[in-house]
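Asker: Need a 3D model of the following:
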Amino acid sequence: MRSTRSLLVLLLFTLLTGAGCAGTRKLAPRPTALPDAFPNHTAAQIQERLHLSPDTLFAFTANASISVSSPTNSGQFNARIDHRRNDSLYLSIRVTLGIEAARALVTADSFFVYDRIQKQLIYGSLDYTANLLPAPFASTDLFPNLLGLLTPDPLIAWRVRADSSSYYLEDPAGRYAYTVDPALWRVIRYEERSASGMIIETRDYSEFDRFQNLYLPRRIIFRRPQEDTVASIYYRSLDLNPPALSFDLRLREGVRRIPAYELQ
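Answerer: Sure, this is the predicted structure:
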């Protein structure tokens with residue numbers, strides 16, 4: 001079962017991170033002027049501005065280039081991602097020559113990975129298989145993580161500092177930090193540290209482009225230094241609030257169904 005488990009981990013890991021193996025493209029002109037009140041915004045004012053307009057988003061579909069590098073799994077491929085906020089995420093993975101190798105579905109409490117090559121369906125509960133899934137896959141923040149719409153927890157008393165172009169928010173314990181671009185009012189970097197100060201996870205958002213009336217990142221890079229893992233995603237196209245999404249895995253007859261606990 002080792003090869004099946006490797007596929008599972010690779011597929012599920014890329015749902016959260018992913019992309020950087022695509023060529024560059026001409027981006028729409030982005031705002032560069034800093035707001036008049038910079039650098040004197042309070043944490044509450046920064047959070048308020050980060051919450052504007054993205055609340056109108058409820059779904060997206062994207063074509064992405066994804067790459068993953070870790071001690072156990074490395075690879076590059078293309079994927080179509082369909083995601084509805086607080087609902088489900090669907091992923092269609094294509095490899096060499098555009099062959100669809102796998103489909104994956106993630107719901108609020110379960111996941112399903114359909115390996116079309118081996119004709120297998122791997123499924124399980126997010127809670128039960130937490131040891132197979134990389135954070136923050138099982139979190140409720142998947143939608144903002146994939147679109148770069150992170151916002152600091154309003155219940156935390158964030159410390160704020162600024163340099164010539166950015167705000168930096170850090171919690172009192174030094175565990176979480178956000179870098180905010182006030183010209184865009186977007187988080188461009190997130191850091192999480194252990195109690196001892198070691199970096200657990202970082203997310204970097206870049207190459208912001210205009211989609212409808214919003215500026216969103218085309219490129220996201222996710223790192224877990226202690227695990228020597230890097231994953232990136234580059235959105236070649238991004239359609240916001242599409243009229244209808246289907247999360248049907250369209251299983252063929254004779255597909256073998258494998259519960260995730262058999263892979264442990």
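
Asker: going forward, measure contacts between C-alpha atoms and count neighbours the same way
Answerer: Fine.

Asker: Tell me where the stretch 1-150 of the chain has strands.
Answerer: Secondary structure of the stretch 1-150 of the chain, counting by DSSP state E, counting those that start in this stretch: strands at 59-69, 74-84, 89-94, 100-106, 110-115, 120-125.

Asker: wait, which of the ones you listed is closest to Tyr176?
Answerer: strand 59-69 (24.1 Å; Cα to Cα).

Asker: In its sheet, which strands sit next to the closest one, and in what direction?
Answerer: Paired with strand 59-69 in the same sheet, following DSSP bridges, are strand 74-84 (antiparallel), strand 229-240 (antiparallel).

Asker: can I get those in JSON lines with mean neighbour count and distance to Arg218?
Answerer: Shown next, in JSON lines, are the strands paired with strand 59-69 (neighbours: other Cα atoms under 10 Å; distance: least, Cα to Cα, whole Å):
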{"stretch": "strand 74-84", "mean neighbour count": "20", "distance to Arg218": "14"}
{"stretch": "strand 229-240", "mean neighbour count": "21", "distance to Arg218": "5"}
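
Asker: Make a markdown table out of those strands and add distance to Ile93 and mean pLDDT.
Answerer: Shown next, in a markdown table, are the strands paired with strand 59-69 (distance: least, Cα to Cα, whole Å; pLDDT from 0 to 100):
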| stretch | distance to Ile93 | mean pLDDT |
| --- | --- | --- |
| strand 74-84 | 4 | 86 |
| strand 229-240 | 13 | 91 |
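
Asker: could you dump those to CSV with distance to Ala44?
Answerer: Shown next, in CSV, are the strands paired with strand 59-69 (distance: least, Cα to Cα, whole Å):
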stretch, distance to Ala44
strand 74-84, 28
strand 229-240, 28
